[in-house]
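Asks: just coords:
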(Lines give C-alpha, C1' and ligand atoms only; values in the text may rest on other atoms or scores of the structure.)
Protein backbone atom coordinates (compact mmCIF):
# COMPACT_ATOMS: atom_id res chain seq x y z
CA UNK A 1 0.00 0.00 0.00
CA UNK A 2 2.74 2.46 0.95
CA UNK A 3 4.65 1.75 -2.27
CA UNK A 4 1.53 2.58 -4.27
CA UNK A 5 1.22 5.83 -2.35
CA UNK A 6 4.85 6.71 -3.15
CA UNK A 7 4.20 5.93 -6.83
CA UNK A 8 1.13 8.21 -6.83
CA UNK A 9 3.20 10.90 -5.12
CA UNK A 10 6.00 10.71 -7.67
CA UNK A 11 3.61 10.66 -10.63
CA UNK A 12 1.71 13.62 -9.19
CA UNK A 13 4.99 15.52 -8.84
CA UNK A 14 5.92 14.82 -12.45
CA UNK A 15 2.48 15.74 -13.75
CA UNK A 16 1.90 18.70 -11.45
CA UNK A 17 5.30 20.29 -11.14
CA UNK A 18 6.71 19.21 -14.49
CA UNK A 19 4.17 21.18 -16.47
CA UNK A 20 4.84 24.34 -14.52
CA UNK A 21 8.48 24.38 -15.61
CA UNK A 22 7.32 24.76 -19.21
CA UNK A 23 4.90 27.66 -18.71
CA UNK A 24 7.52 30.44 -18.27
CA UNK A 25 9.45 29.15 -21.28
CA UNK A 26 6.32 29.23 -23.43
CA UNK A 27 5.42 32.72 -22.33
CA UNK A 28 8.93 34.06 -22.92
CA UNK A 29 8.92 32.77 -26.49
CA UNK A 30 5.92 34.74 -27.80
CA UNK A 31 6.78 37.53 -30.23
CA UNK A 32 3.41 38.82 -31.44
CA UNK A 33 -0.26 38.86 -30.48
CA UNK A 34 -1.32 35.80 -32.49
CA UNK A 35 1.34 33.68 -30.77
CA UNK A 36 0.36 35.10 -27.39
CA UNK A 37 -3.32 34.29 -27.86
CA UNK A 38 -2.48 30.75 -28.97
CA UNK A 39 -0.07 30.25 -26.05
CA UNK A 40 -2.59 31.56 -23.52
CA UNK A 41 -5.24 29.22 -24.92
CA UNK A 42 -2.83 26.31 -24.75
CA UNK A 43 -1.82 27.15 -21.19
CA UNK A 44 -5.45 27.43 -20.13
CA UNK A 45 -5.95 23.84 -21.28
CA UNK A 46 -2.69 22.67 -19.70
CA UNK A 47 -3.21 24.36 -16.32
CA UNK A 48 -5.43 21.47 -15.27
CA UNK A 49 -2.35 19.24 -14.96
CA UNK A 50 -0.62 21.29 -12.23
CA UNK A 51 -3.91 21.69 -10.40
CA UNK A 52 -4.79 17.99 -10.35
CA UNK A 53 -1.17 16.93 -9.86
CA UNK A 54 -0.80 19.42 -7.03
CA UNK A 55 -3.87 18.12 -5.21
CA UNK A 56 -2.69 14.49 -5.49
CA UNK A 57 0.83 15.55 -4.54
CA UNK A 58 -0.30 17.28 -1.37
CA UNK A 59 -2.80 14.59 -0.38
CA UNK A 60 -0.43 11.70 -0.97
CA UNK A 61 2.34 13.51 0.93
CA UNK A 62 0.09 14.22 3.89
CA UNK A 63 -1.19 10.63 3.94
CA UNK A 64 2.41 9.37 3.97
CA UNK A 65 3.04 11.76 6.86
CA UNK A 66 0.07 10.43 8.79
CA UNK A 67 1.21 6.86 8.15
CA UNK A 68 4.70 7.83 9.41
CA UNK A 69 4.07 10.64 11.92
CA UNK A 70 7.80 11.01 12.55
CA UNK A 71 7.96 12.73 9.13
CA UNK A 72 6.30 15.78 10.67
CA UNK A 73 9.35 16.17 12.94
CA UNK A 74 11.75 16.18 9.95
CA UNK A 75 12.85 19.42 8.33
CA UNK A 76 12.86 17.87 4.84
CA UNK A 77 9.17 16.97 5.21
CA UNK A 78 7.75 20.01 6.98
CA UNK A 79 10.02 22.31 4.98
CA UNK A 80 8.70 20.80 1.76
CA UNK A 81 5.12 21.34 2.88
CA UNK A 82 5.81 24.97 3.79
CA UNK A 83 7.64 25.58 0.50
CA UNK A 84 4.76 23.98 -1.40
CA UNK A 85 2.34 26.44 0.23
CA UNK A 86 4.70 29.28 -0.71
CA UNK A 87 4.62 28.12 -4.35
CA UNK A 88 0.83 28.03 -4.32
CA UNK A 89 0.68 31.57 -2.91
CA UNK A 90 3.20 32.85 -5.46
CA UNK A 91 1.53 31.24 -8.47
CA UNK A 92 -2.18 31.36 -7.68
CA UNK A 93 -2.24 34.24 -5.23
CA UNK A 94 0.02 36.66 -7.07
CA UNK A 95 1.13 35.74 -10.60
CA UNK A 96 -2.05 34.15 -11.94
CA UNK A 97 -4.28 36.76 -10.33
CA UNK A 98 -2.33 39.52 -12.05
CA UNK A 99 -2.38 37.70 -15.42
CA UNK A 100 -6.10 36.87 -15.26
CA UNK A 101 -6.86 40.57 -15.26
CA UNK A 102 -5.06 41.16 -18.56
CA UNK A 103 -5.98 37.99 -20.47
CA UNK A 104 -9.39 39.38 -21.57
CA UNK A 105 -7.60 42.48 -22.88
CA UNK A 106 -5.21 40.29 -24.85
CA UNK A 107 -7.97 38.15 -26.29
CA UNK A 108 -9.94 41.23 -27.35
CA UNK A 109 -6.92 42.97 -28.88
CA UNK A 110 -6.46 43.20 -32.62
CA UNK A 111 -3.40 43.52 -34.79
CA UNK A 112 -0.10 41.92 -33.87
CA UNK A 113 1.22 44.18 -31.13
CA UNK A 114 1.09 42.72 -27.65
CA UNK A 115 -0.87 45.04 -25.32
CA UNK A 116 1.16 47.14 -22.90
CA UNK A 117 -0.92 45.89 -19.95
CA UNK A 118 0.12 42.33 -20.70
CA UNK A 119 3.80 43.28 -20.91
CA UNK A 120 3.58 44.97 -17.51
CA UNK A 121 1.83 41.99 -15.93
CA UNK A 122 4.38 39.64 -17.47
CA UNK A 123 7.23 41.66 -15.94
CA UNK A 124 5.75 40.84 -12.54
CA UNK A 125 4.68 37.24 -13.15
CA UNK A 126 7.78 35.97 -14.99
CA UNK A 127 10.16 36.37 -12.00
CA UNK A 128 7.51 34.88 -9.70
CA UNK A 129 7.27 31.80 -11.92
CA UNK A 130 11.05 31.48 -11.95
CA UNK A 131 11.22 31.74 -8.15
CA UNK A 132 8.46 29.12 -7.87
CA UNK A 133 10.41 26.83 -10.20
CA UNK A 134 13.53 27.22 -8.06
CA UNK A 135 11.52 26.46 -4.93
CA UNK A 136 10.13 23.36 -6.66
CA UNK A 137 13.69 22.20 -7.32
CA UNK A 138 14.53 22.72 -3.65
CA UNK A 139 11.48 20.63 -2.69
CA UNK A 140 12.54 17.85 -5.06
CA UNK A 141 16.04 17.87 -3.55
CA UNK A 142 14.62 17.80 0.00
CA UNK A 143 12.21 14.98 -0.79
CA UNK A 144 14.84 12.94 -2.60
CA UNK A 145 17.88 13.40 -0.34
CA UNK A 146 16.03 13.92 2.98
CA UNK A 147 19.06 15.82 4.34
CA UNK A 148 17.60 17.01 7.69
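Replies: Everything's here; your move. Predicted, not measured: the structure shown is a model, and the values here were computed from it.
Asks: buried set for the top helix by length along the chain?
Replies: Longest helix in the chain by number of residues (criterion: DSSP state H): helix 116-145. Neighbour-count burial for helix 116-145 flags 118, 121-122, 125, 128-129, 132-133, 135-136, 139, 142-143 (criterion: 16 or more other C-beta atoms under 10 Å). No exception for glycine: its C-beta is placed from N, CA and C like everyone else's.
Asks: Packing partners of that helix?
Replies: Counting contacts by 3 or more C-beta pairs under 8 Å, 6 or more residues apart in numbering; DSSP states H and E, helix 116-145 packs against helix 2-28, helix 75-88, helix 96-108.
Asks: Lowest mean pLDDT across the ones you listed, which one is that?
Replies: When these are compared on mean pLDDT, helix 2-28 scores lowest, with a mean of 87.
Asks: following that helix, which helix or strand comes up?
Replies: Counting by DSSP states H and E, the next helix or strand C-terminal to helix 2-28 is helix 33-46.
Asks: quick one on the thing from earlier: ok, the buried residues of helix 116-145 vs residue 23, which is closest?
Replies: Residue 23 lies nearest to residue 129 out of the buried residues of helix 116-145, by C-beta to C-beta, at 6.4 Å.
Asks: residues contacting that closest one?
Replies: With contact set as C-beta atoms under 8 Å, 6 or more residues apart in numbering, residue 129 has these partners: 20, 23-24, 27, 91, 95.
Asks: Find the nearest non-adjacent residue to the residue nearest the centre of the chain, please.
Replies: Nearest to the geometric centre of the chain sits residue 20, at 4.4 Å (C-alpha atoms, centre = their mean). Distances taken as C-beta to C-beta, 6 or more residues apart in numbering put residue 50 closest to residue 20, at 5.1 Å, once the chain neighbours are dropped.
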